[in-house]
Each structure stands twice: as structure tokens, then as C-alpha cells.
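Asker: Quick one, what's the 3D model for this:
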Amino acid sequence: MTLVRRLTAMTLCVAGLMGLSACSDSGNWNNPHPDNPDNDIILYSSFSERPKHLDPARAYSSDESTFIDQIYEPPLQYHYLKRPYELIPLTLTGMPDIRYLDANNQPLADDSAQPPAYSLYTFNIQPGILYQPHPAFARDDQGRFIYDFANAVQSADFTSLNDFDQLGTQELLADDYIYQIKRLADPKRLAPLRGLLSQYIVGMSDTTDAISAARSAMEARKGSGAADNTWLDLRRFDMAGVEKIDDHTFTIKLKGKYPQFKYWLAFHFFAPIPWQVDRFYHLPGLPEKNITLDWHPVGTGAFMMTENNPNSEIILAKNPNYRGEPYPSEGEPGDAEKGLLDDAGKTMPFIDKAIFRLEKESIPIWTKFLQGYYDRSGISSDSFDQAIQVGGAGIELSDDMVEKGITLNKAVQPATYYLGFNMLDPVVGGYSEQQQKLRQAIAIAYQEEEYIAIFLNGRGEPAMSPIPPGIFGYQPGREGINDRVYDWQVGSDGQGKAVRKPIEVAKRLLAEAGYPDGRHAQTGEPLVLNLDTTGSGDQARMAWIKKQFKKLNLQLNIRSTDYNRFKDKMENGNAQMYFWGWLADYPDPENFLFLLYGPNAQIDSKSGVNSANYKNPRYDALFEKMQLMEDSPERLAVIEQMKEILRQDTPWASGFHVHSYALNNAWVKNVKPHGISKVTFKYRRLDTELRQQKQQQWNQPVIWPLIVLVLISIALAIPGYRGFKRRQTRTIDQSYIKPSNTNQNNINQSNH
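Answerer: So this is what the prediction gives:
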């Protein structure tokens, strides 16, 4: 390319950059999202780990609920705006009718003092509710299933759910709820709730035994061609406590009285699963390709999962068969002033899609939120100072956030995060006095207050028991302190506070446990402990944790892994110490105290919630008494006895309750934190015009340095170009001069 052409190209480049700058209003160069030709209203969010389970019988983690709770519809739901939390119908015509029966199945009078032998719940389903489009429902004109493979060869061409182009739907019926309850009884499903529900639903244990026997018979026939993925039609099994009255009515009978059962009816465990869906996902060849319910949920809710690519994105799209639901018309005092009732009575959902991008780190999420490409964001420690300022008025948004129109939601999560011990471990587990003292020493040394200040920017409070604020049984102040770890100190102002016991107390307990100065009293060997956790990217946090154990001269080996492998370790009891947490399923102390109930030990059921594998008969007896009581002073007294047992045994070293902060860009409407329910997307409304304006305003391309650089290059090139032209002219002029004889002779010699 000649220099003239280069200069011409540079000039055109400058013109192009100036043209692009002038047209920058039509799009943003750094937009990470693909084009939206249909102008869908899309909510953009992120995820960091793939949800391990999407089957409503199996899923129990918060990250799993974020997705499937938008898809599945149990009978009840929580009112989005009201506090205290209130249950309302979702797919039912009204709240379930509850009757209490005696041992002869005769109704008890409302004022009867006789304890009921049974509780009978009657459910009436709204007619006309349809499932999302799905190939499981696809039938031909004769009513036969279109997809009915006899073997894996016939299904070989179907490698993903998108390969099934024939879709259908059907109405939600009572059979679908009944089928799901039987799935909860199926031991193959590993439903976390099976152990608990079997204590109450009449006949559930018998159904489990019958299903287990049938599966054993299937296993015995493996040699004749049966496989693990062979479909077992659960309709053939009866459950005495579950009865279909008609297509839209069914009943559930419980043993005695279980007040918390109503809360489970708002959880996805009780979402309907038609037998047609269960059959489809067991067709030969499909489970081996991850075409399963655990990967592709099917529901009647406002959204359906149209893309599940855990390496890139997960997409929820509006269910075209959704019946619509009116936005709430009432809430708490102050909700109207906050604009939370502006959409009262309007049909939900308000968005067409929710797109979740895989993000492994918090910084990219924060950056894209500030650029307007993510609609909402939490606040990591790295971004806390940029988002929040602490002053005389308390915690407020920084000026930069206020200028952008960003709003802040603050709430105390009904959650408890803790450092736990595996009580089956021969070193840190056990129930002897020495083993108790070892755990108490670690509990004192592990300074949760410092952790909250450093890594949570003060957004939390130490846990004195499993029960978080806002749940009955939580005791603030002196009455609620864990006196094995804290002392109550009153200051000169007369105000008291809990103060962690001195490290000297922990060292004394450690010596009494048989490990003076962190070494075994008999062998002199140092005590080395193992801590299982998820992720190892935060080296500062890992170093801080080791420092806590170093106070007692204990050596700590931190074993980091991803969340799914961590869950596998916990299910098999292969951890010694671990970090975990629990977000309330429902607003009752039972939902936290059952985390240490013996029959819920994880090692026994694989799916149990008692990850410490803690078993204390006294605690278990009190738990069984407490869980059936209504909130009262008598119930509180029982809870205090349970707390005292936990303080002595110390199955958890420490814990904290999180104060949740979430940021919303100005175009996100109808946001109110709900500590229990994850069903939130159908309420969200987005002002997409405002979002586009802000994205353009916040992402103007800065191209003047490029323009200046090109102009400088041109300016520097001009003198060189002129010099080059002069040399060219001189060379051309000399080419017409006849060569000398000497030169000609040299040429001739060279040719010779």
C-alpha cells in the first residue's frame, strides 16, 4: 500500500469514527446482550453456579428456588406486599378447608378440648389452568402420544429438548398434585421433606415401602433388559391419606395436628407434576442426554425455562398459556407512597423474559450494573464504599448512586449462616464433656463480630441461636445471649451488650479438652483440623479464618471445592467442619430448629437438613413438643430449653444473621424484599425506555483519543511523505544520466 493510500485510509478512519460517534445513540458498543429484535421486555440478571436440581421434589437450595419458583405453582403463595407474612391461594379457589377429626374420623367441634387424631385438608383447584407448551403433552388426532419411543434407537435423533417440535398442553387437575405427593414418597427422588412428611401424611410411609419394593423388583430384572431409568408409574400406588374427590378437588389427611403444614403448601415440593411429564422424561434414551425433569422443569406458572445452558445463560420466558394474575391492591402502610401499588389490579406478569448470565466474579456484575446492563445488584465488599456512605443519618446511598437514580432495599434476612461441626467426626464430634469443651473453645476463638465488620461491612449480627430476627423465639438483649461464648457487660451509660469471652477462657477449655496449647496431651502431636468450604478465590478471607484457629495454636487445613461437590461431601458425611446457611422456608422457629433435629441427620437420609448429624434425645423430644404448639409463652419456654441444650453441646461453632442490601436501577419497579418467597419475577415491571436512555447516557464511547492519535499520525506522516517525494524525484532525474565506462565494465564483468 502506498503512503498516499495510507493517508487516505487514516482520513477515512477519522471520518468513520466521527460518524460512529454521531450515531452512537442507536446502540452501545459495550452492550453485552444480543439484539432484541422483538422488543421484548427483558429483565437481566446473573448466576454464578448452575442449579444442581430443578425437580421440585428434590430442589432445596436458594439458587434453585430462584428459577423453579417462577415456573411451578403449589396450592398456596405468600402475599407479595403484606407483613407479617400472609398465605393466600395460588391455584385454589380459596384457602384449604381444615377439619379436625377424632380417632373414628368424626369431626370435632371447634371448641373441643380433645386433641385431634387427624387433620383433613380439602383443596379446590381453579378450573382452566393450563400447563406450559411441552412435548410431554403432544398427542395425535387419535389421542396417542406423539413421542412414545420403544427403545433408545428410536430416540437417537433427539439430543436436546429443542429437537421436539410437537408441543401440547393440558389442564391442571387434582391428579397432578396427588402424583407429586407420591413422588415425594418415592425413595429414588431423595426428597428432603420425605422424612418429615412421612410422620404426618397418613399412609405415606406405607407408600414409600411399596414403591421401594417395586423398584427392588425392577433392579432384580436388570439382566433381562430393565434399566435404572425405567419409568415406574406411581399412579398404581395408593396413599391412604391422599384422596381424589373429583378432577378439581382432593384431600390430604394428617396424623394429629401439624400447624406448619400450611407453609409447606406454598413451597415447590407440593407443585403439581402430571404423570405424562414423568413418563416423557423416562422415555428410553432421554435421561442419558440430560433430558430430565431435573434439567427441564414443566409447570403452570408465569414463566417457563426455554434455555438451560449452565456454561453461558439460563432464560425464563413468559408462559403463553399462563392465565394471568392481578397485581396486589393492598399492602403495608407506606407501600402506596413508595409506588408499590401503582400497578394494583393490572394483569401480571409485566416482563416477557428473564435472562441470567453466568458470572463467576462480583466485579463484572457490579460494573455491568453501573453501566445499566444488569437491572439489580447486591453489594459486595469491594463495591460497598462506592455504593454506601455511613453518616449521622445511618447507612445511606452514596451521592454517585443517588445521582444515577439507584434505590436501596434494606432488610434483615430470616436466615442463619454458621460454622458447623460434623458430630460423627471422632475429633470435633461426639457428646463427651471434653468434646463439648473443644467445640466451645473454637466457638469463643472464632470472632464473628470481626468477620461481619471486615467481610460484610457490618451488614449482620452474631447469632446466639439458630433462630433469626423476625421469627418467633428470637430473643434480643441479655435474655438471648449464648452464655457459653458471651458475657453481658453494662457500660457507664447503663446500656448492656454481649461481649465475647476472652481468649484465655478458650485456651483453658482447650486444655481441659485434652489439647493444651493446641497439642494432644498424650502424644504431643499438633491438632490439625479440616474445614470444607466453597470457593477459594478470597485469599484474605481464608487467611482470616486460619488466624482465628491460630489463636489457639490449632492448624487448619481449608479444603475448597465448588458448591455441588461440597453438597456431595456433606451428604456422605465426609466433612469435619464446614460453612453453610439456611434461609427460612416459612416464618416459624421449627424451620430453623429442625436443622439440628436428630431424624433429619443428613448422613441417614442423604437429603436431610441436619448437616451436623447432631442427635440429642432431649433436644429431639422438646422439638417434637414445640413443633405442634401455637406461638405462646409456653412455646417460648420450650424453645429456651432447646437453646440451652445447643449451647452446651455446641454443634455449631458460631453463626450470624445477614442484613440484606440490594440495589435497583431507576427503571425497576415493584421491588419489595420478601424474606421467604422467591416468587418475585411476575411482580417486576421495567421502564425499558428509561433503561435505554440511561444505558446510552452512561456508555457514551470515548473516541477522541483515537481521533487525536490518527490526526497526530497524519501530521507526522506529512513531512515524511514530502521527503519521500523529493527522493523519488531525484532518483527519477538521475535515471536519465548515461552510466560511465567504468560502471559499464563492472556490469559486463559481473554478467560474464
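
Asker: can we go C-alpha only for contacts and neighbour counts from here?
Answerer: OK.

Asker: now residue 222: how far from residue 216?
Answerer: For residue 222, the distance to residue 216 equals 10 Å [C-alpha to C-alpha, to the nearest Å].

Asker: Residue 441 is in contact with residue 504, isn't it?
Answerer: No. Between residue 441 and residue 504 there is no contact under C-alpha atoms under 8 Å: 9.5 Å.

Asker: Mind listing the shared neighbours of these two?
Answerer: Shared contacts of residue 441 and residue 504 (C-alpha atoms under 8 Å, 6 or more residues apart in numbering): none.

Asker: more crowded one of those two?
Answerer: residue 441 (29 against 14; other C-alpha atoms under 10 Å).

Asker: Checking my notes, that one in a strand, right?
Answerer: No. Counting by DSSP: H, G, I helix; E, B strand; the rest coil, one finds residue 441 to be helix, located in no strand.

Asker: Report the contact partners of the closest residue to it other than its chain neighbours.
Answerer: Once flanking residues are discounted, residue 441 sits nearest to residue 506: 4.2 Å by C-alpha to C-alpha, 6 or more residues apart in numbering. Contacts for residue 506 (C-alpha under 8 Å, 6+ apart) come out as 440-442, 444-445, 552.

Asker: How about residue 424?
Answerer: 430, 573, 613.

Asker: where do the helices sit along the stretch 1-150 of the chain?
Answerer: Remark: helices assigned in the stretch 1-150 of the chain by DSSP state H, counting those that start in this stretch are 3-22, 62-68.

Asker: which stretch in the ones you listed has the least confidence?
Answerer: Ranked by mean pLDDT, the helices of the stretch 1-150 of the chain end with helix 3-22 at the bottom, a mean of 54.

Asker: Residues touching stretch 677-689, excluding its own?
Answerer: Contacts with stretch 677-689, where a contact means C-alpha under 8 Å, 6+ apart, come from 41, 43, 65-66, 69-70, 77-78, 80, 302, 327, 348-351, 585, 667-671.

Asker: and with 7 Å instead?
Answerer: With contact meaning C-alpha atoms under 7 Å, 6 or more residues apart in numbering, stretch 677-689 is reached by 41, 65-66, 69-70, 78, 302, 327, 348-351, 667-671.

Asker: What's the end-to-end length of it?
Answerer: Rule used - C-alpha to C-alpha; the end-to-end distance of stretch 677-689 is 29 Å.

Asker: Please report the distance of the residue nearest to residue 427 when sequence neighbours are not counted from residue 348.
Answerer: Of all residues not flanking residue 427 in the chain, residue 435 sits nearest, at 7.5 Å (C-alpha to C-alpha, 6+ apart). Going from residue 435 to residue 348 by C-alpha to C-alpha gives 55 Å.

Asker: Same check on residue 592?
Answerer: In this view, residue 592 and residue 348 are 33 Å apart by C-alpha to C-alpha.

Asker: Looking at the two, which is more packed in?
Answerer: Neighbour totals were compared for residue 592 and residue 348, and residue 592 leads with 24 against 20 (other C-alpha under 10 Å).

Asker: you'd agree that one is up against residue 466?
Answerer: Yes. Using C-alpha atoms under 7 Å, residue 592 makes contact with residue 466 at a distance of 5.8 Å.

Asker: how about residue 113, phi and psi?
Answerer: Dihedral pair for residue 113: phi -90, psi -10, per degrees, to the nearest 10.

Asker: okay, it: pLDDT?
Answerer: 85.

Asker: cool, residue 60 as well?
Answerer: We have a pLDDT of 89 for residue 60.

Asker: what does residue 564 give?
Answerer: pLDDT, read off for residue 564, is 81.

Asker: so which helix or strand takes in it?
Answerer: helix 563-571 (DSSP states H and E).

Asker: any idea which helix or strand comes after that helix?
Answerer: Taking DSSP H and E, what comes next after helix 563-571 is strand 577-583.

Asker: Low-confidence stretches in the protein?
Answerer: 1-27, 223-228, 392-393, 535-537, 606-607, 702, 704, 720-721, 724, 729-752 (pLDDT under 70).

Asker: so what's residue 99 closest to, chain neighbours aside?
Answerer: Leaving aside its chain neighbours, residue 99 sits nearest to residue 120 (5.2 Å; criterion: C-alpha to C-alpha, 6+ apart).

Asker: circling back: could you look up the SS state of the residue nearest to residue 441?
Answerer: helix.

Asker: Quote the end-to-end distance of stretch 257-275.
Answerer: 30 Å.

Asker: Residues contacting that stretch, please?
Answerer: By C-alpha under 7 Å, 6+ apart, stretch 257-275 touches 56-57, 69, 72-77, 116, 118-119, 176-177, 179-181, 586, 628.

Asker: likewise stretch 381-401?
Answerer: So stretch 381-401 is contacted by 455-457 (C-alpha under 7 Å, 6+ apart).

Asker: Which residues in the longest strand seen in the chain does the neighbour count mark as buried?
Answerer: What stands out as the longest strand in the chain, according to DSSP state E, is strand 652-664. Applying a neighbour-count criterion of 16 or more other C-alpha atoms under 10 Å, one finds 652-661, 663-664 buried in strand 652-664.

Asker: Going by distance to residue 529, which of those residues wins?
Answerer: residue 653 (13.5 Å; C-alpha to C-alpha).

Asker: Skip the chain neighbours and tell me the closest residue to that closest one.
Answerer: Using C-alpha to C-alpha, 6+ apart and skipping the chain neighbours, the partner closest in space to residue 653 is residue 443 (4.3 Å).

Asker: Confirm for me that the residue nearest to residue 99 is in contact with residue 100.
Answerer: Yes. With contacts counted by C-alpha under 7 Å, residue 120 reaches residue 100, the gap being 6.3 Å.

Asker: end-to-end on stretch 166-177?
Answerer: Across stretch 166-177, first to last residue, C-alpha to C-alpha, it's 25 Å.

Asker: who's in contact with that stretch?
Answerer: 128-135, 137-138, 244, 247-250, 270-274.

Asker: where do the helices sit along the stretch 501-650 of the chain?
Answerer: Remark: helices of the stretch 501-650 of the chain, listed N- to C-terminal, are 503-512, 539-550, 563-571, 590-593, 602-605, 617-626, 633-649; assignment by DSSP H, counting those that start in this stretch.

Asker: Thanks a lot, catch you later.
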